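Peer 1: Kindly return the folded structure for what I paste below:
(chains A and B)
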Amino acid sequence: MTANDPEAVEIPASPSRRRGGLSRLLNGQSNIDFIGRSRLWLFVSIALVAVAVAGLASRQLNLGIDFTGGTAFTVADATQEFDSADLRGALADAGVSEVVAQVLDDGQGALVTTSALEEFGTQRQSQIIDRLAAVTGSNPESIDVSQVGPRWGAHISRQALIALAVFLILVVAYITIRFELRMAAAALVTLVHDVVVTVGIYAVSGFEISPSSVIALLTILGYSLYDTLVVFDRVDEDTQRLSSVSTSTYGESANRALNEVLMRSLSTSATSLLPVGSLLFIGATLLGADTLQDLALALFIGMAVGTYSSIFVATPMLVWLKEREPRYAELKERLSSRRGAAAS
Amino acid sequence: MGKSRLAWLLAVTLVVVAGMWGAILGMGLSPKLGLDLRGGITTTLIPAPGQGAIDQEVLDQTVQIIRQRIDGLGVAEPEIARQGDTILVQLPGVADREQAQEVIGRTAQLQFRPVLEVIPPDAPGYSEAGQPCDEALIGPPPADEDVVLCERQPEPGLDEPEVGTAPTKYRLAPVSVAGTDVADARAVAQQLGSWEVQLDLTGEGADRFAEVTGALACQAVGDPRRQLAIVLDDRVEIAPPVAEGVACGVGIGGGQATITIGGGEQEAKQLALVLRTGALPIQLDFATFQTVSPTLGVSSLQAGLQAGLIGFVLVALYMILLYRGMGIAAVAELMMFGVVTVGLIILLGEFAGFTLTLAGIAGIIVSIGIAADSSIIYRERYRDEMRAGRTVRTAADHAFHKAWRTNLTGNTVSFLAAVVLYWLAVGPVRGFAFTLGLSTLVDLILFGTFTRALFGLIARSPSLAASRLVGLRAGVPAELRAASRADRARRAKV
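Peer 2: A predicted model of the protein is given here:
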């Protein structure tokens, strides 16, 4: 093992080189060059963000009734056959058009949503319930109503934005105290990336946004940051040993740290996505779980984006920032000239 | 930490957790479920626009009045709380949707205004006066201006179209007595089965009431300008004339008045209720109104529990696959996490009134991932230390300290997110943030106690450490281990 062979730092010359990628990963000997290919990840991330922004610009977000105002009727225990046209008919009788009607739970339940009916507690509502009961053969008592006024959406959106701002300020302060300002900056860029991409996925796919999606978005920020910090913690530990006579640059040290925590990152993503995936599955198949489903969908998307960004966005960003510091820039220059000399 | 101290740590942790569950089972406690899981009505009220900034004291006062009004309904355990600048009303088990909407829906502002002119639907200029009656005003009618308002009409039904039933309009003078001047109002039965409403006014209100009724009494009997309109929101509830016996310039004094109405008991009680509690200091709008039947609640609860169980089993299988015997220890850590978190939620429900909602259950399910992550960080770190050539025991100890540092950093951020969400968010978000924050704390505490002791003790047992099933040496390439053994052997020779 010689000092001017960068490969030797990561992989000892050993039989393990012949092993497969999975085995190397499990043995903590993966040697993927994340930092060296930062331009590629930069391109991928910029492409993702561009698609997200284009999606946001060209397509309206599909806002649920919590944001637009409206009424949702949930029917349980239906006893006779009906289809969504019957459901729409029940509301049309009451003079309500613009209806989204879904049959759920193998025809035993239904969800009928309309952006109209902003008046609360009207007799019209009771009559719609009676008609829905007649169409589905369900008991009027087991038809639930969820009604949202037109101003609620603006209210909760404002609260969410305040929460987001406060959270970001606290996070930057915490990371600066715990690590340093450049890590806080890199983490912040990562967070913005995650939010834009997640919202973009909602715009492009047309998934409905409910308050649960907003909760989930804030949770994702916490999760993505958590993931990023676990990586940064290791980068911080590994790069603290760097001095002007070190044999690897800041970028190489960070890359080693990334490889060291790679198995952790993948395992954690798996163990986080498994419960959320089961929420998503249950939410999609069982009645009365739409809160769970909305939440799980946003979490699932966001966690996937968060895992990607903690590896491919946060650390390359950090390295880019750190290698602008004179001491790491000098180290890099010195090492590259020395390696150049050794190669020729 | 030595072996005996680790054993102590493990024992103390187990005793504390057993004690907690002993208390829960002994007292027969169960989680306090939210209305989305057991059925009921949940509604959020928000101040109507156009009232300027509203201070918290006024909102608290409003909450009080709504509480009194709901107490009049006889609902068991209603919960009325202020959340930021909204008011959350929860009525468990209320099946009568219309009754609840009727009572809470009257979130109105009460005003007494002298009548200037009565405009019946067939009068010339009816349609030009004021706003059309099927449009609601935005915000309360301005208190210091003349206004034209419509009389309140019963809700038109679907099957009875509104033909020829246009309501009477009233041109009204500025507010003379405000709803907040009303101290009390009650329906009283008179002889011959007729009913009237008795009204008590506060000190200042009494003076103003005497003044305005004295002025109205100067008008001839039968003149519309002898009437005093009672206005709720933007509708005239009733506009009774001042009685014949009242002297001009003297008015109705003593802070007491009686309103004789045409209707029976129901109308009188309704008016008394409006007078008594319609006096909200601000006007509120419904922001959300949600009914959940017990059927839907139970099915949501089942969905949440099923999702949690499936998620737990999948994570457990993954851990065992990846870490063998140490994976089983990780499952024990996860189970401990679940047992402590659920126990705390039950205790907090009992002693701090925390209710578990569907969003809260989602928070717990999400936190399974966080708890599993602690175990993963520890195990991966441990493997790193082993690859560096440490012995099982020292690797376990070193890994703990490093993993603890990482875990603390990560959990701090998750906890920050949960706290910010809890303080700033409204509605169901709070339940989610609470369980998420709680889980983060539980995870950190258990990591420092149960996980540390369990891992440390296994690493200190020679037979367990050597067992391939436990897998303490798995994931470490043989050559790295061999090297370290060879090193030790060489050192032993020297």
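
Peer 1: where's B:Ala187, which helix or strand?
Peer 2: Using DSSP states H and E, B:Ala187 sits within strand B:182-189.

Peer 1: after that strand, next one along is what?
Peer 2: Next helix or strand after strand B:182-189 toward the C-terminus (DSSP H and E): strand B:195-201.

Peer 1: how about that following strand: buried residues?
Peer 2: For strand B:195-201, the neighbour count (16 or more other Cβ atoms under 10 Å in any protein chain shown) marks B:Trp195, B:Glu196, B:Val197, B:Gln198, B:Leu199, B:Asp200, B:Leu201 as buried. Using the backbone N, CA and C atoms, a C-beta is placed for each residue, glycine as well.

Peer 1: What strands line up against the strand holding B:Ala187, and which way round?
Peer 2: strand B:195-201 (antiparallel) (DSSP bridges).

Peer 1: just checking, B:Ser467 touches B:Gly325?
Peer 2: Yes. If you go by Cβ atoms under 8 Å, B:Ser467 and B:Gly325 touch, sitting 6.7 Å apart.

Peer 1: returning to that earlier point: can you put the buried residues of strand B:195-201 in TSV and add distance to A:Asp33 and pLDDT?
Peer 2: Listed next are the buried residues of strand B:195-201 as TSV, based on distance: Cβ to Cβ, whole Å; pLDDT from 0 to 100:
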residue	distance to A:Asp33	pLDDT
B:Trp195	88	83
B:Glu196	89	84
B:Val197	84	85
B:Gln198	87	86
B:Leu199	84	84
B:Asp200	83	87
B:Leu201	83	86
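
Peer 1: the helices in the chain, which residues?
Peer 2: The chain I'm using is chain A. In chain A, the helices defined using DSSP state H lie at A:6-10, A:21-26, A:38-58, A:65-68, A:84-93, A:123-136, A:152-178, A:181-205, A:211-239, A:250-260, A:262-285, A:290-309, A:315-322, A:326-343.

Peer 1: Chain B, not that one
Peer 2: Taking DSSP H to define them, one finds helices in chain B at B:3-26, B:35-38, B:56-71, B:97-105, B:203-216, B:265-277, B:294-352, B:358-387, B:392-424, B:429-446, B:452-460, B:462-466, B:478-493.

Peer 1: How about the shortest one and chain A, touching?
Peer 2: Yes. Residues of helix B:35-38 contacting chain A under Cβ under 8 Å from any Cβ of the partner chain: B:Asp36.

Peer 1: Could you give the average pLDDT over that helix?
Peer 2: Confidence for helix B:35-38, expressed as mean pLDDT, is 82.

Peer 1: How far away from the center of its chain is that helix?
Peer 2: 12 Å (Cα atoms, centre = their mean, to the nearest Å).

Peer 1: thinking again about what came up before, could you identify which of the helices of chain B has the lowest mean pLDDT?
Peer 2: Minimum mean pLDDT among these: helix B:478-493, a mean of 54.

Peer 1: For the strand holding B:Ala187, give me every contacting residue.
Peer 2: Strand B:182-189 is contacted by residues B:110, B:195-202, B:205, B:255, B:265, B:268-269, B:271-273, B:275-276, B:279 when judged by Cβ atoms under 8 Å, 6 or more residues apart in numbering or on different chains.

Peer 1: Swap in 10 Å and give it another go.
Peer 2: Here strand B:182-189 makes contact (Cβ atoms under 10 Å, 6 or more residues apart in numbering or on different chains) with B:110, B:112, B:195-203, B:205-206, B:209, B:230, B:255-259, B:261, B:264-279.

Peer 1: would a markdown table of the helices of chain B with distance to A:Ile46 be doable?
Peer 2: Formatted as a markdown table, the helices of chain B follow (distance: least, Cβ to Cβ, whole Å):
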| stretch | distance to A:Ile46 |
| --- | --- |
| helix B:3-26 | 49 |
| helix B:35-38 | 42 |
| helix B:56-71 | 46 |
| helix B:97-105 | 51 |
| helix B:203-216 | 68 |
| helix B:265-277 | 60 |
| helix B:294-352 | 33 |
| helix B:358-387 | 29 |
| helix B:392-424 | 26 |
| helix B:429-446 | 32 |
| helix B:452-460 | 43 |
| helix B:462-466 | 49 |
| helix B:478-493 | 40 |
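
Peer 1: Apart from its chain neighbours, what residue comes closest to A:Arg178?
Peer 2: B:Thr409 (6.1 Å; Cβ to Cβ, 6 or more residues apart in numbering or on different chains).

Peer 1: neighbours around residue 219, how many?
Peer 2: Here I'm looking at chain A. Other residues near A:Thr219 number 26, with proximity taken as other Cβ atoms under 10 Å in any protein chain shown.

Peer 1: Please refer instead to chain B.
Peer 2: 17.

Peer 1: end to end, how far does stretch B:249-260 reach?
Peer 2: 22 Å (Cα to Cα, to the nearest Å).

Peer 1: do stretch B:463-470 as well
Peer 2: Span of stretch B:463-470 from end to end, Cα to Cα: 10 Å.

Peer 1: okay, which residue is most central for chain A?
Peer 2: In chain A, the centroid-proximal residue (Cα atoms, centre = their mean) is A:Gly302; its distance is 1.0 Å.

Peer 1: Please tell me the pLDDT value assigned to the residue nearest to that one when sequence neighbours are not counted.
Peer 2: Nearest residue to A:Gly302, sequence neighbours excluded (Cβ to Cβ, 6+ apart): A:Ile220, at 3.0 Å. Turning to A:Ile220, the model gives it a pLDDT of 76.

Peer 1: so what's in contact with B:Ser467 and B:Gly325 at the same time?
Peer 2: Common neighbours of B:Ser467 and B:Gly325 (Cβ under 10 Å, 6+ apart) are B:Ile458.

Peer 1: and B:Phe337, how many neighbours?
Peer 2: With other Cβ under 10 Å as criterion, B:Phe337 counts 26.

Peer 1: do the same with B:Met27
Peer 2: A count of nearby residues for B:Met27, using other Cβ under 10 Å, gives 11.

Peer 1: So the residue lying closest to A:Gln102 once chain neighbours are set aside versus chain B, what's the distance?
Peer 2: Nearest residue to A:Gln102, sequence neighbours excluded (Cβ to Cβ, 6+ apart): A:Leu111, at 4.7 Å. Between A:Leu111 and chain B the distance, using Cβ to the nearest Cβ, to the nearest Å, works out to 11 Å.
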